[in-house]
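Colleague: when you get a sec, could you give me coordinates for this:
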Amino acid sequence: MPPPSLALSTCWHADRTTDGASLLQQAKSLGFDRVELSHNTRFNLWPGILAEHKSPTAPKIDVLHNFCPVPVELLRPHPNAYEFSDPRPATRRLAERHSLSTLEAAASVGARFVVLHLGSAGPHHRADSLESLAAAGEMGSRNYVSQKIAAIQSWEKAFHESWPRVEEILLRLGERAKALGLQLGLECRENPREIPPDDSWDMLLSRLPAPTFGYWHDFGHAAAKESLGLIDHAQHLRRLAPRLIGVHLHDFSPEQGDHLPLGQGSIPFAQLLPLIPSNTHFSLELSPGVSADEVRASLLWWNQNQPPRS
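Modeller: So this is what the prediction gives:
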């Protein structure tokens, strides 16, 4: 059986083109028959995307990443420009409005999924000292453990305070997504103050109906958290596999960060990929600084390194 089809996220090249048709054609020329339209898909690319996606030779658009296309009032693309968790009602209304626009855009191109960030809560920069201590080899020290526990407690408290605001918006988005035949992928994030805290995923998902809502796993984000001792990557995947609908695939190393080409980091894919259910969507999400040859090499790596999955 051939490996599951891998989509290319346009986060890799959307900033380097002014034509939406070319955006899709470039993905096809690299060997991809599916794409994810990323949150840096500017509005001026949309007419070309709408025209090109109807071509029989164009790659299938499977996923849109909120906000897509970029809201015209933003000076630069940013998926967290407006947050569901924001205490300001006007900002939450903007987050909901532009998310609804993304759902409509997804339906217009025949996509199946929309990826959402849920917001953030709690004090800024609490992870900075943990990263410094981990880099210095102090991850098991009493100082590190004490700071980690205090940080986790602050993030969890802030999450529970902000969650009612987030849930209210998500449930309304879920009604529209269901009507449009879309699934909403709730993405794990690399910044620990972005919600939910990883121990709260089960509670969150229990309150949001399947199949409209599902978990979206980001390998690099999870690896970054594991490098700080905040999660066990494999245990996290096993726990959330029943609600897993999609994956952002890229490599990670503590020195270089994430969004690396596959095989160029330290993620133990041979141990983790078998934990992914067989019907899960995969998008390759690489840094814009990655070369075209490295994109092709990542696709080749994917086709050659597929273990059997559950």
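Colleague: so residue 89 versus residue 305, what's the distance?
Modeller: As for residue 89, its distance to residue 305 is 48 Å (criterion: Cβ to Cβ, to the nearest Å). C-beta coordinates here come from the backbone N, C-alpha and C atoms, glycine included.
Colleague: neighbour-wise, which of the two wins?
Modeller: Neighbour comparison, residue 89 and residue 305: the larger count goes to residue 305, with 13 against 9 (by other Cβ atoms under 10 Å).
Colleague: what about the one helix or strand residue 155 maps to, average pLDDT?
Modeller: Assigned by DSSP states H and E, residue 155 belongs to helix 142-180. When the per-residue pLDDT values of helix 142-180 are averaged, the result is 89.
Colleague: check which helices and strands that helix sits against.
Modeller: Counting contacts by 3 or more Cβ pairs under 8 Å, 6 or more residues apart in numbering; DSSP states H and E, the secondary-structure elements packed against helix 142-180 are helix 89-108, strand 113-116, helix 126-135, strand 183-187.
Colleague: can you give me the buried ones in that helix?
Modeller: Under the neighbour-count criterion of 16 or more other Cβ atoms under 10 Å, helix 142-180 has 144, 147-148, 151-152, 154-156, 158-159, 162-163, 165-166, 169-170, 173-174, 176-177 buried.
Colleague: same question for stretch 288-302.
Modeller: Under 16+ other Cβ under 10 Å, the buried positions of stretch 288-302 are 290, 294, 295, 297, 298, 299, 301, 302.
Colleague: residues touching the fifth one, list them.
Modeller: When contacts are counted by Cβ atoms under 8 Å, 6 or more residues apart in numbering, residue 298 is found next to 261, 262, 263, 284, 286.
Colleague: just say helix, strand or coil for the third one.
Modeller: The one in question is residue 263. State at residue 263, reduced to three classes by DSSP: H, G, I helix; E, B strand; the rest coil: coil.
Colleague: residue contacts, it?
Modeller: For residue 263, the contact set (Cβ under 8 Å, 6+ apart) comprises 251, 297, 298, 301, 305.
Colleague: give me the low-pLDDT residue ranges for this protein?
Modeller: 1-3, 123, 125-128, 130, 307-310 (pLDDT under 70).
Colleague: which residue ranges of it form helices?
Modeller: Remark: helices assigned in the chain by DSSP state H are 20-29, 46-52, 89-108, 126-135, 142-180, 201-206, 219-227, 233-240, 269-272, 292-304.
Colleague: redo these as CSV? Include distance to residue 61.
Modeller: Formatted as CSV, the helices of the chain follow (distance: least, Cβ to Cβ, whole Å):
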stretch, distance to residue 61
helix 20-29, 8
helix 46-52, 8
helix 89-108, 8
helix 126-135, 34
helix 142-180, 14
helix 201-206, 26
helix 219-227, 22
helix 233-240, 26
helix 269-272, 26
helix 292-304, 18
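Colleague: closest to residue 256 out of those?
Modeller: Evaluated with Cβ to Cβ, those place helix 219-227 nearest to residue 256, the distance being 10.5 Å.
Colleague: return the distance of that closest one from the chain's centre.
Modeller: Averaging C-alpha positions (Cα atoms, centre = their mean, to the nearest Å) puts helix 219-227 12 Å from its chain's average.
Colleague: before we move on, what about stretch 75-89?
Modeller: With Cα atoms, centre = their mean as the basis, the distance from the averaged C-alpha position of stretch 75-89 to the chain average is 16 Å.
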